[in-house]
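*Asks:* what's the 3D shape of this:
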Amino acid sequence: MSHFAIGDVQGCARSLSALLTKIPEDAELVFCGDLINRGPRSLEALEVMMDLGPRAQFVLGNHDLHFLAAACGARKTSRSDTLDDLLKSEKVSLYIDWLRAQNLALSLSIQSLQALAPQRHLIVHAGVLPQWTADQTLALADEVCAVLRSQAWESMIRAMYSNQPNQWCDDLQGMDRLRLIINALTRTRFVYENGALELDAKEGPASAPAGTLPWFDHPKRKTTEEVLVFGHWSTLGLVNRLRVIGLDTGCVWGGQLTAMELETRRIVQVDYRD
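*Replies:* This next block holds a predicted model:
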């Protein structure tokens, strides 16, 4: 059985439907987050993904969490948001509960052509702090998901909008701890040499703020033995390194929606479709 990782859909339902016709029906799917928002058909895209059932796994992105914030009144939508079809739907509570049940990080064991033994693939939306091991990343993601699935989820969502703290410490507690985990997994692009997050820059590596580098290029990153699979960074484009796979190719901005067969590294793409 093959596994296909899919980049940011962001409400591009027609592109998603076209992409799925190019992937074997028995393949397992894993989506790298930002399932909705900014694209024209968030409700339709979410319905397509929910209908995939156990064939598909998902990690949440910053736009998915933003929808939850808008849905519970913690955040107003902006002009660039395209969430009205979801927010006004009679099934909005179903969409909220479905998203709350998803993960922030996933681990897959993949037998690829490039390796003699199965390799661990760690899937997140944006990135992983260099200080974190793969097991630690999964455990920290589970901390957030436990709250997200509890009655305290709205309180956490209301408090997640801040860039501080931006430096990991094992002793962090409460919302500071949860917020930093959320920011690392769903918003990271650049980090400083000391591992602190830089959360403002959105361009590619050539425009890295002084003293920063892409999170996956940090020389002391503790996840160099795993294959890291992520989305989020459309200005980065497709990344296909031995142990780093970036799949956000900017479909919502007129680019492509990209899937990769993890066993073979075969790329499947479709253009943006309104």
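
*Asks:* and the helices in the stretch 101-250 of the chain, which stretches?
*Replies:* For the stretch 101-250 of the chain, helices defined by DSSP state H, counting those that start in this stretch occupy the ranges 134-148, 153-158, 174-187.

*Asks:* kindly reformat those helices as JSON lines containing distance to Arg265, mean pLDDT and mean neighbour count.
*Replies:* Every C-beta, even on glycine, is put in place using the N, C-alpha and C of the backbone. Compiled in JSON lines, the helices of the stretch 101-250 of the chain are given as follows (distance: least, CB to CB, whole Å; pLDDT from 0 to 100; neighbours: other CB atoms under 10 Å):
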{"stretch": "helix 134-148", "distance to Arg265": "20", "mean pLDDT": "98", "mean neighbour count": "18"}
{"stretch": "helix 153-158", "distance to Arg265": "36", "mean pLDDT": "97", "mean neighbour count": "17"}
{"stretch": "helix 174-187", "distance to Arg265": "24", "mean pLDDT": "98", "mean neighbour count": "21"}
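
*Asks:* look up how far His63 lies from the residue sitting furthest away from the middle of the chain.
*Replies:* Relative to the centre of the chain, and counting by CA atoms, centre = their mean, the farthest-placed residue is Leu116 at 28.3 Å. According to CB to CB, to the nearest Å, Leu116 and His63 sit 38 Å apart.

*Asks:* check Ser2 too.
*Replies:* Noted for Ser2: a distance of 27 Å to His63, by CB to CB.

*Asks:* who has more neighbours out of the two?
*Replies:* For the pair Ser2 and His63, the greater number of neighbours falls to His63 (26 against 15), based on other CB atoms under 10 Å.

*Asks:* helix or strand for that one, which one?
*Replies:* Following DSSP states H and E, the helix or strand that holds His63 is helix 62-71.

*Asks:* got the angle for that helix vs helix 134-148?
*Replies:* When axes from the mean of the first three to the mean of the last three CA atoms, to 10 degrees is applied, the directions of helix 62-71 and helix 134-148 differ by 20 degrees.
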